[in-house]
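Engineer: A predicted structure for the sequence below; I have some questions about it.
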Amino acid sequence: MAARSKARKRALDVLYASDLRGESATDALARAATDGDGPTNPYTTTLVEGVVAHQARIDEVLAEYAEGWTLDRMPAVDRNVLRLGVYELLYVDDVPDAVAVSEAMALVRDLSTDESPQFVNGILGAVLRNKSSLV
């Protein structure tokens, strides 16, 4: 597994854990570092801090494009994979859009429900098609 793929998986772990515990992702990242479970590379920190910094806008975009779904109703894995994917699509210039989508798809295929890949792909595809108006 490539270094950035591992970083995305670790960032998802941190975001998911913070979501379930009701704590900030920044606190979860700091706790993971002190517990010896720190980020595998600096990109993990970049992802988590980026999602935290832009979470209000990311969640707004997700709420707009997840037709018929609220953020609270989404499985926690899907919600946090989508946050990572939208963050990379909208705010990370050195990651090609196709890579951001395919990496998100790989995470949900491995970690979520059978319906999740189609759901996540649909939302990220819509975000990608409208990217210029979202940034």
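Structural biologist: Now that the structure is in, tell me what you want to look at.
Engineer: where do the helices sit along the chain?
Structural biologist: With helices called from DSSP state H, the chain shows them at 3-21, 25-34, 42-65, 76-91, 97-111, 116-129, 131-134.
Engineer: mean pLDDT lowest for which of the ones you listed?
Structural biologist: For the helices of the chain, mean pLDDT drops lowest on helix 25-34, to a mean of 82.
Engineer: Check this structure and tell me which residue is nearest its centre.
Structural biologist: By C-alpha atoms, centre = their mean, the chain has its centre lying nearest to L84, at 1.9 Å.
Engineer: Just the buried positions in stretch 24-35, please.
Structural biologist: Buried residues in stretch 24-35, counting neighbours by 16 or more other C-beta atoms under 10 Å, are found at A25, T26, A28, L29, R31, A32. (Glycine included, C-beta is placed from N, CA and C.)
Engineer: now do stretch 93-113
Structural biologist: V95, D97, A100, V101, E103, A104, M105, A106, L107, V108, L111, S112.
Engineer: for stretch 58-76, same thing?
Structural biologist: For stretch 58-76, a neighbour-count test (16+ other C-beta under 10 Å) marks I58, D59, V61, L62, Y65, A66, L71, M74 as buried.
Engineer: now the third one: how far from A17?
Structural biologist: I take that to be V61. 23 Å (C-beta to C-beta, to the nearest Å).
Engineer: Can you give the distance of stretch 111-126 from its chain's centre?
Structural biologist: 12 Å (C-alpha atoms, centre = their mean, to the nearest Å).
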